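*Asks:* Prediction below, plus the sequence it came from.
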Amino acid sequence: MHKMPPDLRKAINSSRQARAIWDDITPLARNEWICWVTSGKKAETRDIRIKKALSKLSGGMRRPCCWAGCPHR
């Protein structure tokens, strides 16, 4: 399992909708969001992924779309 990075935690906590979905999804789904965000090599990519994750979670998406999944499982 991946540890929640502070920047992603701050983003999720900034949105009531995203936080509600985050609290409702499984630990495996949370791990996949964390891995998807942190797997970006560049800081710009990570920032973009955090914004997308926040938007998608706020919209009710429970897992990252169009991603092969966490390779660390």
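*Replies:* Thanks, I have the structure now. Residues are numbered from 1 along each chain as shown.

*Asks:* Quick test: name the residue nearest the centre of the chain.
*Replies:* Trp33 (3.2 Å; CA atoms, centre = their mean).

*Asks:* which helix of this protein spans the most residues?
*Replies:* Secondary structure assigned by DSSP state H gives helix 43-58 as the longest helix of the chain.

*Asks:* Can you tell me what sits against it?
*Replies:* Applying CB atoms under 8 Å, 6 or more residues apart in numbering, the external contacts of helix 43-58 come out as 7-8, 11-12, 14-15, 17-18, 21-22, 33, 36-38, 40, 64-65. Just so you know, the C-beta spots here come from the backbone N, C-alpha and C atoms, and that holds for glycine as well.

*Asks:* Okay, buried residues for stretch 37-49 please.
*Replies:* Val37, Thr38, Ser39, Arg46, Arg49 (16 or more other CB atoms under 10 Å).

*Asks:* ends of it, how far apart?
*Replies:* Using CA to CA, to the nearest Å, one end of stretch 37-49 lies 5 Å from the other.

*Asks:* what's the offset of that stretch from the middle of its chain?
*Replies:* Distance, stretch centre to chain centre, for stretch 37-49: 11 Å (CA atoms, centre = their mean, to the nearest Å).
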